[in-house]
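Participant: sharing a sequence plus its predicted fold:
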Amino acid sequence: PVAVVAWLANVLGRNGVALEPGHLVMTGALHAAVPMEPGDEFLAEFDRLGSVRLKVSQS
């Protein structure tokens with residue numbers, strides 16, 4: 001996991017973004033990969049963190 005965080009910090013740094021104290025970095029998968037198609041919607045709810053909603057659109 002440390003190598004992944006280092007990679008992330010380097011990529012973000014090249015784009016002018018920094019990891020700051022208090023930022024949450026999750027280095028592992030929370031769920032197995034699932035196929036996605038345009039029109040699909042996903043919702044992840046995290047206790048004390050809130051929720052994230054994803055709607056897959058066509059490019």
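Facilitator: Cool, the structure landed.
Participant: which secondary structure element contains the most centrally placed residue in the chain?
Facilitator: In the chain, the centroid-proximal residue (C-alpha atoms, centre = their mean) is residue 26; its distance is 7.6 Å. Element membership for residue 26 (DSSP states H and E) is empty, with no helix or strand holding it.
Participant: do residue 45 as well
Facilitator: Short version, using DSSP H and E: residue 45 is in strand 41-46.
Participant: can you show me the strands along the protein?
Facilitator: In the chain, the strands defined using DSSP state E lie at 41-46, 50-55.
Participant: average pLDDT for the first one?
Facilitator: In this model, strand 41-46 has an average pLDDT of 93.
Participant: could you do stretch 14-22 as well?
Facilitator: Throughout stretch 14-22, pLDDT has a mean value of 93.
Participant: can you give me the end-to-end distance of that stretch?
Facilitator: Terminal residues of stretch 14-22 lie 21 Å apart, using C-alpha to C-alpha, to the nearest Å.
Participant: re earlier: just checking: what are the partner strands of the strand holding residue 45?
Facilitator: Sheet pairing of strand 41-46 (DSSP bridges) gives strand 50-55 (antiparallel).
Participant: then the partner strand to CSV, C-alphas only?
Facilitator: The C-alpha trace of strand 50-55 is given here as CSV (Å, rounded to 0.1, in the frame of the first residue of the first chain):
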residue,chain,number,x,y,z
GLY,A,50,-21.2,10.4,3.7
SER,A,51,-22.1,8.9,0.4
VAL,A,52,-20.8,8.8,-3.2
ARG,A,53,-23.1,8.4,-6.2
LEU,A,54,-21.8,7.5,-9.7
LYS,A,55,-23.9,7.6,-12.9
